[in-house]
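[1] Mind folding the following:
(one chain, ligands or ions: 1)
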Amino acid sequence: MPKERIHRFEHGGKRYAIDPETCFCFECDAISWDVLEYYPDVSVNQIYHALADKHPRGELAEVVSELEWLRSTKSILTTPKREELGKRFEVERGLKRVVLRLPHINAQEAPRTESTDAPAAADQLGRRALELLLGRAREQKTLTLEFLEVGHVQNPQRVVQLCEDAARAARLAGKELTVAVWVTDVELAKTPKALEGHAVGAKLEIKDAQGVAAHLGGLARQGPATLARLAKTLQPEAPGVAGRIVVCPKHPEFGGVVPALDNAGFKIIELDLDGAYAADPRLEPQTMLAGLSQSAVYYAEKLRAHNYFRLDPIAPLFWRIYNGSPQPRSDPAGTNELAVDETGHVYPSWRLMGREEFRLGALQDGIIDEERLAEFENVGSVTTAACMRCWARNLCGGGTAAVHHALTGSFRTPCPDWCNAQREWMAAAVSAFNILSSAGVNFSRVYNTLASSAKPSLFALARAAFRMTVGMRPIEEADAAMLARWENWSDAAYFVYDESAVLMATRYDREMDALHPRGIDHELILLRKSGAPFGLLKIRPEQTPGTARAFVYLRNEADYAADSVRRGFRAILKEAGAQQSLRSFTVPAMKWEKKFAEFLLALGFSKAGTQREAVYLHGHYHDVDLYAGCTEKL
Ligand code: SF4
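    As a prediction, this is how the structure comes out:
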């Protein structure tokens, strides 16, 4: 049976389609639902013929052209090149993270290390774990060393010292190190009812290890902690420090956990569902769905009201869908991650710590079972038989080795019941994403990770423009003739205005400019739904952070007045602004571009000023009007 190229499903009375390879998803109306029953496996004429009794030919043609447009923007049905196909099977090598469970060092109790000197053993373990991380990092530059403790940080001075030593060694090795301190099984004072019976953990990630001492205090206190105190500890509002509360559900009634933590003020909340299954394989995946869906509904309502916080694993899933970043493997066990327990034994993942059959060796012996470790290269959806035809493969990433092992006894064999539940909640997430997307939720803020220098991804722009009358794509070599035709003799600001006020070039130079924009420019061709080019958009970030100059050119002047173009264009600018963290655009227009000026005013721009004699053209100097617009007000 061939792989399903577009998967259709129904959820909550609505219909959706998703490309399993790119993760591009959209809500279907009745006609696109019917067309997608055939598209792209049969010819367009066959589709017209098969649906002739159900839908008018013109509407069918419109849906097909929408799908073709998505295809041309590489949002759906991409055809990977031969070398790309090969790369899918390549394993990303190099350790990125080592989790170390520190030995218990309470002098009153018998130490759990092999050594009788527990504090010294902890130091030694820390150093060896760091050697393991740096020694196996290969080309990886950004590393994490994570200290795992139970209840509270027992000896903060020791952890601080280990972190500082680690930071020094990482710097010498040319690596960027984040240290994390993760306390599991935190005892809560006045446990809210919603959290009863579940395991609560607190994790702090600190980019500058020199600053660890300032933030560990709250996690080092013995005795029950209130949620308010935990929230304060985990959200110190210091640059480079991020904290999260992690709840591992121990029974299916966990639907109230997220509201309780949100009300307590936590900004990053994680539901560790994988941990739940790994710890208790008797949990029925279907019974866990209710709690997850309750959490998702609450989260969606909050986001719809623009109350942003991050809920894992839902927020990363939204981010992948939004950004078109498929994830064929979600579990880094054994390839990018190793774990070390308090006795120095090494495991492929912290979730597998203590399981004899996964022990890879011991730090003190300096030996790792390489053959056993290599078996983990085959984790993930690309090499797992059950995942290859699963429509959720690039969202789920093939699941987690520890969960598969707990449920089926094999770390490479997913449990069918778990997969069904997994697909069910992913379908719910796709549905929620589409609803939130049309409500204008800013997913970059939800995920909270977008670098301010990031360029707008074509995928995200295409998504923003989908179902509008304006699309776009990057300029291609094949556009040369058209661009030269548009530019020659044009007196639009797009072509004749230059901030340097110098415009001396041969026709050949101008043609080359059209095809090879400056490095910082992001230049796109604007497309109609049919895929026909009708204009150009160029965004050039300015020196003041958050501002950019935008150049716009529509080939046919009448398009400036079209409502559909204005609507689509406004969405594009907003999306480009959100993607690049731009708050305002300045757009130049020549005095004679009257329709263009009306277009800008209608979008919400206002005239900010005039640059006198900024363009020398046809033997005279000409003024250029500058229009300014704030993305929030467009
Ligand atoms: S849901 Fe199951 S079959 Fe599908 S990708 Fe995940 S682990 Fe594989």
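
[2] now the helices: where do they sit in the stretch 1-150 of the chain?
    For the stretch 1-150 of the chain, helices defined by DSSP state H, counting those that start in this stretch occupy the ranges 30-38, 44-50, 57-72, 82-87, 118-135.

[3] Okay, and the residue sitting nearest the centre point of the chain sits in which element?
    The centre of the chain sits closest to Trp319, judged by Cα atoms, centre = their mean, with a distance of 3.6 Å. According to DSSP states H and E, Trp319 maps onto helix 314-323.

[4] hmm, that helix touching the ligand?
    No: judged by Cβ under 6 Å from any ligand atom, helix 314-323 stays clear of the ligand, getting no closer than 12.3 Å. No exception for glycine: its C-beta is placed from N, CA and C like everyone else's.

[5] Only the buried residues of that helix, if you could.
    Neighbour counts using 16 or more other Cβ atoms under 10 Å place 314-323 of helix 314-323 among the buried residues.

[6] Between the residues you listed, which sits nearest the ligand?
    Within the buried residues of helix 314-323, the smallest distance to the ligand is 12.3 Å, found for Leu317 (Cβ to the nearest ligand atom).

[7] sorry, back to before: if I look at the residue nearest to the centre of the chain, how far off is Ser65?
    Trp319 sits 30 Å away from Ser65, taking Cβ to Cβ, to the nearest Å as the criterion.

[8] and the helices of the stretch 1-150 of the chain, which one's lowest on average pLDDT?
    Mean pLDDT is lowest for helix 82-87 among those, at a mean of 78.

[9] what's next to that one, contact-wise?
    Under the contact criterion Cβ atoms under 8 Å, 6 or more residues apart in numbering, helix 82-87 has no outside partners.

[10] Repeat the analysis, applying 10 Å as the threshold.
    78-81 (Cβ atoms under 10 Å, 6 or more residues apart in numbering).

[11] Of those, which is the most crowded?
    Thr78 (15 neighbours; other Cβ atoms under 10 Å).

[12] could you list every residue that touches that residue?
    Contacts of Thr78 (Cβ under 10 Å, 6+ apart): 19, 21-22, 24, 71, 84, 324.

[13] Can you lay out the residues you listed as JSON lines showing distance to Gly366?
    As requested, these are exported to JSON lines (distance: Cβ to Cβ, whole Å):
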{"residue": "Asp19", "distance to Gly366": "47"}
{"residue": "Glu21", "distance to Gly366": "43"}
{"residue": "Thr22", "distance to Gly366": "44"}
{"residue": "Phe24", "distance to Gly366": "48"}
{"residue": "Arg71", "distance to Gly366": "53"}
{"residue": "Glu84", "distance to Gly366": "39"}
{"residue": "Gly324", "distance to Gly366": "43"}
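
[14] and the ligand, which of those reach it?
    Answer for the contacts of Thr78 near the ligand: none qualify (Cβ under 6 Å from any ligand atom).

[15] From the chain's centroid, how far away is stretch 206-217?
    Using Cα atoms, centre = their mean, to the nearest Å, the mean C-alpha position of stretch 206-217 is found 26 Å from that of the whole chain.

[16] can you check stretch 223-239 too?
    Its chain's C-alpha centre and that of stretch 223-239 lie 26 Å apart, by Cα atoms, centre = their mean.

[17] Show me which residues of stretch 367-383 are buried.
    368, 373, 376-383.

[18] any low-confidence regions in the stretch 301-450 of the chain?
    438-450 (pLDDT under 70).

[19] who in it is up against the ligand?
    Checking the stretch 301-450 of the chain against the ligand by Cβ under 6 Å from any ligand atom, the hits are 381, 384, 386-387, 390, 392-393, 396, 398-399, 414, 419, 422-423.

[20] Can you tell me which residue of the stretch 101-250 of the chain sits closest to the ligand?
    Pro249 (19.0 Å).

[21] That residue contacts Leu292, doesn't it?
    Yes: between Pro249 and Leu292 there is a contact at 8.9 Å, judged by Cβ atoms under 10 Å.

[22] What is the neighbour count of Phe89?
    Count around Phe89 with other Cβ under 10 Å applied: 12.

[23] With Leu145 as the reference, measure out to it.
    Distance of Phe89 to Leu145, computed by Cβ to Cβ: 30 Å.

[24] Equivalent analysis for Ala300, please.
    In terms of Cβ to Cβ, Ala300 sits 35 Å off from Leu145.

[25] So for those two, which sits in the more crowded spot?
    Neighbours were counted for Ala300 and for Leu145 using other Cβ under 10 Å; Leu145 has more, 26 against 22.

[26] So what's the predicted local confidence for Leu162?
    At Leu162, pLDDT is 92.

[27] Where does it sit: helix, strand or coil?
    Leu162 carries the three-state label helix when classified by DSSP: H, G, I helix; E, B strand; the rest coil.

[28] Quick one: residues contacting the residue nearest to it when sequence neighbours are not counted.
    Using Cβ to Cβ, 6 or more residues apart in numbering and skipping the chain neighbours, the partner closest in space to Leu162 is Gly126 (4.0 Å). Under the criterion of Cβ under 10 Å, 6+ apart, the neighbours of Gly126 are 100, 102, 145, 147, 158-159, 161-163, 165-166, 340.

[29] The same query, at a cut-off of 8 Å, please.
    Counting by Cβ under 8 Å, 6+ apart, Gly126 has contacts 100, 102, 147, 162, 165-166.

[30] Quick check on those residues: which are buried?
    Buried among the contacts of Gly126 (16+ other Cβ under 10 Å): 100, 102, 147, 162, 166.

[31] Next, give me the two most distant ones among the residues you listed.
    Leu102 and Ala166 (13.1 Å; Cβ to Cβ).

[32] how far away is Tyr38 from the ligand?
    Per Cβ to the nearest ligand atom, to the nearest Å, Tyr38 is found 25 Å from the ligand.

[33] Val430 too?
    13 Å.

[34] you'd agree that residue is up against Ala17?
    No: applying Cβ atoms under 8 Å, one finds Val430 not in contact with Ala17, separated by 9.4 Å.

[35] overlap in contacts of the two?
    Joint contacts of Val430 and Ala17 (Cβ under 8 Å, 6+ apart) are Cys25.

[36] who has more neighbours, these two?
    Taking neighbours as other Cβ under 10 Å, Val430 and Ala17 compare with Val430 leading, 25 against 21.

[37] can you tell me which helix or strand that one belongs to?
    Assigned by DSSP H and E, Val430 falls in helix 416-438.

[38] so what does that helix touch, helix or strand wise?
    strand 7-11, strand 14-18, strand 25-28, helix 285-304, helix 314-323, helix 393-396, helix 401-408 (3 or more Cβ pairs under 8 Å, 6 or more residues apart in numbering; DSSP states H and E).

[39] Please identify the most buried of those.
    helix 393-396 (a mean of 25; mean count of other Cβ atoms under 10 Å).

[40] Remind me what that one packs against, helices and strands.
    helix 314-323, helix 416-438.

[41] swap the cut-off to 7 Å and go again
    helix 416-438 (3 or more Cβ pairs under 7 Å, 6 or more residues apart in numbering; DSSP states H and E).

[42] Just the buried residues of the helix it packs on, please?
    418-419, 421-437.

[43] Include distance to Gln222 when you put the residues of the stretch 301-450 of the chain next to the ligand into CSV, please.
    Formatted as CSV, those follow (distance: Cβ to Cβ, whole Å):
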residue, distance to Gln222
Ser381, 44
Thr384, 44
Ala386, 46
Cys387, 45
Cys390, 46
Ala392, 43
Arg393, 45
Cys396, 40
Gly398, 40
Gly399, 37
Pro414, 41
Cys419, 42
Gln422, 39
Arg423, 44
